[in-house]
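J.: this one's structure only:
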């Protein structure tokens, strides 16, 4: 009776199939856990490497100042420190800056591009050259010069010079906040995620078959390059179509410089940056996200 109701074989056969399915499930879950551990190890390795880079950047900044002093016979002018901040380190620095309570109009926040405005030259004096080297950036200083730093965030706001009792720290310029789309576009890879803060809500991506380099010369190479250019154009057209159909308004765009230049007139992005992210679309998108949301810190 039961065999007739099940219509798929005997009870023992179905039990065997169920056991096999459970074993497959356990195998896949083990693979998933292994992948999570691998990603966690990769994050740890990345953080350790970033700390080494930060230490080297500080040392390079010190050596640059020493070399300049010895070469020119002038007083040493160098950054007190210089480093790249990941998201956690950026949060700590912003918390500290926002805790500063200065007298009225005692805290300066200025978006600096080239050239540095005269008002800032008066504030920073002979250290203006360090500010010029950090630009484009956001400069923060208090009237007593106890604080004197420059930050180069992922998103640089419009030019402004503001004196207040507190520093003007808009976290959306430094950290992923609110709802937005984040994309990676290379000549053969496209990846797009929609986010709420650091949480990715959706993903889409694809790879295109773009021919590699050609070693032959003559007409054959010219024809090959035209075909390759056409393939890249097709890929970028598909990427632009996908970006235009996104659900959220704010877009951050990353990729190789050629792709970014090609999409500049077609896609409205709040900010864009060239990143060195390769591999499969989803993994490359994760790498690009980590690289984009970093802030350069200069102690002036």
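T.: Okay, I see it. If you're wondering where the values come from, they're calculated on a predicted model, not measured in any experiment. Numbering: from 1, shown residues only.
J.: can you map out the strands along the stretch 201-300 of the chain?
T.: 251-255, 271-274, 295-299 (DSSP state E, counting those that start in this stretch).
J.: Please identify the deepest-packed of these.
T.: Among those, ranked by average contacts under mean count of other C-beta atoms under 10 Å, first place goes to strand 251-255 (a mean of 24). (Glycine included, C-beta is placed from N, CA and C.)
J.: what residues are up against residue 144?
T.: Residues near residue 144 by C-beta atoms under 8 Å, 6 or more residues apart in numbering: residue 106.
J.: will you turn the strands of the stretch 201-300 of the chain into CSV that also has mean pLDDT and distance to residue 204?
T.: Output for these, formatted as CSV (pLDDT from 0 to 100; distance: least, C-beta to C-beta, whole Å):
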stretch, mean pLDDT, distance to residue 204
strand 251-255, 98, 14
strand 271-274, 97, 19
strand 295-299, 97, 28
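J.: Out of these, flag the one nearest residue 103.
T.: strand 295-299 (22.7 Å; C-beta to C-beta).
J.: And that closest one, how far out from the chain middle?
T.: 15 Å (C-alpha atoms, centre = their mean, to the nearest Å).
J.: try stretch 180-197
T.: On C-alpha atoms, centre = their mean, the centre of stretch 180-197 falls 11 Å from the chain's centre.
J.: What residues sit buried inside it?
T.: Neighbour counts using 16 or more other C-beta atoms under 10 Å place 180-195 of stretch 180-197 among the buried residues.
J.: now, which of the residues you listed sits nearest residue 269?
T.: Distances from residue 269 to the buried residues of stretch 180-197, taken by C-beta to C-beta, are shortest for residue 183, at 8.2 Å.
J.: residue boundaries of the helices in the chain?
T.: Along the chain, counting by DSSP state H, helices occupy 2-6, 11-72, 87-98, 118-124, 128-134, 218-244, 257-263, 281-292.
J.: ok, of those helices, where does mean pLDDT dip lowest?
T.: Per-stretch mean pLDDT for the helices of the chain is lowest at helix 2-6 (a mean of 43).
J.: What residues sit buried inside stretch 142-153?
T.: So stretch 142-153, judged by 16+ other C-beta under 10 Å, has buried residues 142, 147-153.
J.: what bits of the stretch 101-250 of the chain have low per-residue confidence?
T.: Along the stretch 101-250 of the chain, the parts satisfying pLDDT under 70 run over 211-219, 221, 224.
J.: Of the strands of the stretch 201-300 of the chain, which is nearest residue 81?
T.: Closest among the strands of the stretch 201-300 of the chain, using C-beta to C-beta: strand 295-299, at 4.1 Å.
J.: Show me this protein divided up by domain.
T.: 2-50, 79-174, 179-292 (automatic domain parsing).
J.: Quick one: end-to-end distance for the second one.
T.: The first and final residues of domain 79-174 sit 21 Å from each other (C-alpha to C-alpha, to the nearest Å).
J.: how far is that domain from where the chain is centred?
T.: That offset, for domain 79-174, works out to 20 Å (C-alpha atoms, centre = their mean).
J.: Once you drop chain neighbours, what's closest to residue 262?
T.: residue 236 (5.3 Å; C-beta to C-beta, 6 or more residues apart in numbering).
J.: Distance to residue 57 for the domains of the chain - can I get that in JSON lines?
T.: Below are the domains of the chain laid out as JSON lines (distance: least, C-beta to C-beta, whole Å):
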{"stretch": "domain 2-50", "distance to residue 57": "10"}
{"stretch": "domain 79-174", "distance to residue 57": "5"}
{"stretch": "domain 179-292", "distance to residue 57": "16"}
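J.: Figure out which of those is closest to residue 60.
T.: domain 79-174 (7.7 Å).
J.: Nearest to residue 64, out of the domains of the chain?
T.: domain 79-174 (8.4 Å).
J.: ok, back up a step: can you list the buried residues of stretch 142-153 in TSV and add distance to residue 261?
T.: As requested, these are arranged in TSV below (distance: C-beta to C-beta, whole Å):
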residue	distance to residue 261
142	40
147	38
148	36
149	32
150	27
151	27
152	21
153	22
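J.: out of the strands of the stretch 201-300 of the chain, which comes closest to residue 160?
T.: Proximity to residue 160 (C-beta to C-beta) singles out strand 271-274 among the strands of the stretch 201-300 of the chain, at 16.7 Å.
J.: check contacts around the closest residue to residue 256 other than its chain neighbours.
T.: Excluding its sequence neighbours, the residue lying closest to residue 256 (C-beta to C-beta, 6+ apart) is residue 186, at 5.0 Å. Counting by C-beta under 8 Å, 6+ apart, residue 186 touches 255-256, 259, 277-278, 284.
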